[in-house]
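> Kindly generate the corresponding structure for this input.
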Amino acid sequence: MSKNEGKFTVSEVIDSTGVSKFTWAMFVFLGIAMVFDGYDFMIVNVTNNSVAASFNLDGAAFKGSLTTWSLLGMIAGGALGGILSDKFGRKKTLIAAIAFYSIFTFPQAFAQDYTVFALFRFIAGLGVGSCIPVVTTCFSETMPSKRRGIFITFGMSFMVLGWVLAGLIGGPITNHMAPLIPGFTEELYNSAGEVIGYGNWRITYFIGAVPLVYAAFLLKFMHETPHWYANSGRIEQAVKRLAEIEKAAGRTPVERDPALLAVPPKPEKTSPAVLFSRKYIMATCAIWSTYFIGQFCVYGMNAWLPTWFLSLGYSPTQASSLHTWNNVAAIIANLCVGFVSDRFGRKRNLAFGWLLSIVVIVICSSFVVSGNFGLCLVLMLFFGFSLNYAITAVQPLMPENYPTQIRNMGVSWCQAFARLGGALAPILLGSLSASKTFQTVSAGGEAVSDWSKLVLILIIPLALGFICTLIFVKRETKGKSMDELQEEIEES
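Here you go, the predicted structure:
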């Protein structure tokens, strides 16, 4: 009998069950986690004008920095969370991350100055940053190989759904022209001393603490991934978990000898430095560069979209609505990109995303105007779809280019680096908006930022994203199991 007879891998068992009740349960568990994560991140963009008024912040750069503080926390949290997840497990790290950002979002509602608010945004960002890469890794380790790209990108749409909910919940609360909690939601004034609203934005940060309940739910009902068990030397637990997956899929579990579980060899090194070793350097350059550019464009513009429409004379409610529809389009993009990626390949799909974004940016720059809300709504649908299509097209490449032992570290360090772009963009774009080059004179004779002109700046990073895709994305990964991909890496 061949020494390989009877051997099996984690991916083979998961693939054999197909799309099952187990698949959908994991999809929902992880998806809801991303909804809460998306809400926590986006709520500052929905409320930043009111927060700035509460703290008497002057200048576009200061307002943009409200978004930056949480992104800086996400950078540190993502880098740390990746290492912890590979060492202690996906489940423990995910639950700890959700509980952490929930606890530290709550005090933001009570902040009385910019420094305290920024401090807690940063601390909460540590948890938000840890959550996202763990979810991406869990999707890659629990979904059938031939549908992995679809489920990963679908999963990211839950985060954008959280963005939309932040607008749908936070917009009406923040813009309500009466104090919702008298004595707590203070009056807001403009430079002339006139009341322009109330500090109802604080209530939206109370809501940001709700995920703590969900963390307790996951503690009881979520399980560790068999890939992590197997590659951590916990073979019997991996085999037991595979049997549970088969049972959840409606199949009679197969009796398997743990000694026959084939586990790919571990990398010689598992420190962050290995990401830049000969085996991984091209993959690291590919996903780091393209995701950095995607974060710069998406998070930079998300911070300033409401301001763009306010500068054109739209009301705060209309500006919030256009911002929300932009994020609705992002959900549609997430739902589409996985199908195209699994059919035509990761590289072609990503290259297409950059070119589509460039075309849409030019169109929006030319036709986003004042006094035509319907046209702006349609353009924001295209805008949100194209930018989020490009950044989401990078997502399947992240977990597919690293072995299990360093997978979440690889994903999280990529996302941590990319968030430097997301953190830089709001401040940089805010500073540029205040320069004479990108200002125009309003009907009242005042100088206002010309965001329709400034948005063309994004063509530069988008073109760089296309170039980086052509240069660095070398290996097609669609349709291959995680074990196959790991063997390819070891043989390279």
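> count of neighbours near K266?
15 (other Cβ atoms under 10 Å). From N, CA and C alone the C-beta is placed, and that goes for glycine too.
> can I assume S452 is in contact with V368?
Yes: contact criterion Cβ atoms under 8 Å: S452 and V368 qualify, at 5.3 Å.
> Name the residues contacting each of the two.
W308, L312 (Cβ atoms under 8 Å, 6 or more residues apart in numbering).
> how near is the closest residue to G162 other than its chain neighbours to W163?
Excluding its sequence neighbours, the residue lying closest to G162 (Cβ to Cβ, 6 or more residues apart in numbering) is G38, at 2.2 Å. Distance of G38 to W163, given as Cβ to Cβ, to the nearest Å: 5 Å.
> Looking at the two, which has the bigger crowd around it?
Between G38 and W163, W163 has the larger neighbour count (other Cβ under 10 Å), namely 28 against 25.
> Please list all residues in contact with that one.
G38, Y39, F41, M42, N302, N327, A330 are the contacts of W163 under Cβ under 8 Å, 6+ apart.
> One more: Y39?
G162, W163, L165, A166, I169, I207, G208 are the contacts of Y39 under Cβ under 8 Å, 6+ apart.
> which residues of the stretch 351-492 of the chain score low on pLDDT?
441-445, 492 (pLDDT under 70).
> just the strands in it please.
Assigned by DSSP state E, counting those that start in this stretch, the stretch 351-492 of the chain shows strands spanning 439-441, 447-449.
> Over to the stretch 51-200 of the chain?
So, for the stretch 51-200 of the chain - with DSSP E, counting those that start in this stretch - the strands run 187-189, 195-198.
> hey, which of those is tucked in deepest?
strand 195-198 (a mean of 18; mean count of other Cβ atoms under 10 Å).
> for it, packing partners?
For strand 195-198, the packing partners by 3 or more Cβ pairs under 8 Å, 6 or more residues apart in numbering; DSSP states H and E come out as helix 21-54, strand 187-189.
> Distance-wise, check V263 relative to G233.
Relative to G233, V263 is positioned 9 Å away (Cβ to Cβ).
> Can you pull out the low-pLDDT segments for this protein?
Short version for the chain, where the test is pLDDT under 70: 1-5, 58-64, 191-192, 268-270, 441-445, 492.
> excluding its backbone neighbours, what's nearest K21?
K21 sits nearest to A248 (Cβ to Cβ, 6+ apart), 5.3 Å away.
> same question, V160
A330 (4.3 Å).
> Same question for L30.
Nearest residue to L30, sequence neighbours excluded (Cβ to Cβ, 6+ apart): V135, at 4.9 Å.
> That neighbour: neighbour count?
24.
> now do K247
14.
> Phi, psi for the residue nearest to it when sequence neighbours are not counted please.
Excluding its sequence neighbours, the residue lying closest to K247 (Cβ to Cβ, 6+ apart) is P253, at 5.3 Å. Here is the backbone geometry of P253 (degrees, to the nearest 10): phi -60, psi 140.
> what about P253, distance to F151?
Relative to F151, P253 is positioned 23 Å away (Cβ to Cβ).
> Kindly report the same for L456.
Distance from L456 to F151, by Cβ to Cβ: 35 Å.
> neighbour-wise, which of these two wins?
Higher neighbour count among L456 and F151: F151, with 24 against 14, using other Cβ under 10 Å.
> The residue lying closest to P272 once chain neighbours are set aside: neighbouring residues, count only.
Sequence neighbours aside, W413 is the residue nearest to P272 in space, at 6.0 Å (criterion: Cβ to Cβ, 6+ apart). W413: 24 surrounding residues under other Cβ under 10 Å.
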